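*Asks:* The following block contains a protein sequence and its predicted model.
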Amino acid sequence: MSTALIVLTLNEIDGVKNILPKIDQKLVNEILVVDGGSTDGTIEHVKKLGFNIIIQSIKGHGGAILTGVQNTKSDNIVFFGPDGNHDINEIKQLIKKIDEGFEQVVISRFGKGSINLDAGRIDTFGNKMFTFFANLFFRGNLTDSLNESRIITRDAFNELKFEPCGLDSTYQMSIRGLKNKQKYYEIIGNEGARIGGKRKMRPFQTGCLLLKRVIKEIFIH
């Protein structure tokens, strides 16, 4: 099975310099950086490192995900952020687990034993609350429904009928995975400290998006 690594960037020059050179390119068949229009030199440095990069054609975090999927061909798709929150060792772990026959595998930052160096109390509470909603309404058993660090088969992604959206995009992937009874697995992991740049997540605005996503998935889809 072939694997594509999709790296999502938006003004992450420090993380790109620190993390991208450490990625073991032999693990995957394709690497594509999808950029949201960086102005801090991220685009230029990615090109300097020799990685393929494309400017996302659809707005929002979900638009970046969809742009990456549409511009790769591999059987499996890994999503990765170079801001320091994700460990490059997660890539190998995700690929190994998907090869066991799962359709969607996610790194959990809030499982038993997880260490989280970036999420504050509000972020932690919000994640646990919306993960509880996902489990309650869609019969899941998740500990982290929001993490971007995940792998999904292309067939499973197509089954989601994914809609471009904002920072509720990974929540949409988790919920629709549960609704479609996909073979879903969590790997207990950690979240590292951010490397430079600015956090894109705003708790109140993101919370509103996630709440709307729950309601939409219950009553519309």
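*Replies:* Received the coordinates, thanks.

*Asks:* and the residue most central in space within the chain, what does it touch?
*Replies:* Residue closest to the average C-alpha location in the chain (C-alpha atoms, centre = their mean): residue 148, at 1.9 Å. Applying C-beta atoms under 8 Å, 6 or more residues apart in numbering to residue 148 gives the contacts 8, 79-81, 86, 170. The way it works is simple: take the backbone N, C-alpha and C, and place the C-beta from them, glycine included.

*Asks:* distance of it from residue 157?
*Replies:* 14 Å (C-beta to C-beta, to the nearest Å).

*Asks:* ok, now residue 118?
*Replies:* Taken as C-beta to C-beta, the span from residue 118 to residue 157 is 26 Å.

*Asks:* out of the two, which sits in the busier spot?
*Replies:* residue 157 (21 against 16; other C-beta atoms under 10 Å).

*Asks:* circling back: show me the contacts of residue 148 that map onto strands.
*Replies:* Among the contacts of residue 148, the members falling in strands (DSSP state E) are 8, 79-80.

*Asks:* Nearest to residue 47 among the residues you listed?
*Replies:* Lowest distance from residue 47 to the ones in strands among the contacts of residue 148 (C-beta to C-beta) belongs to residue 8, with 16.4 Å.

*Asks:* how many other residues sit next to that closest one?
*Replies:* By the criterion of other C-beta under 10 Å, residue 8 has 23 neighbours.

*Asks:* what's the answer for residue 22, then?
*Replies:* Neighbours around residue 22, by other C-beta under 10 Å: 9.

*Asks:* Likewise for the one 5 residues further on?
*Replies:* The local packing count at residue 27 equals 16, with neighbours defined by other C-beta under 10 Å.
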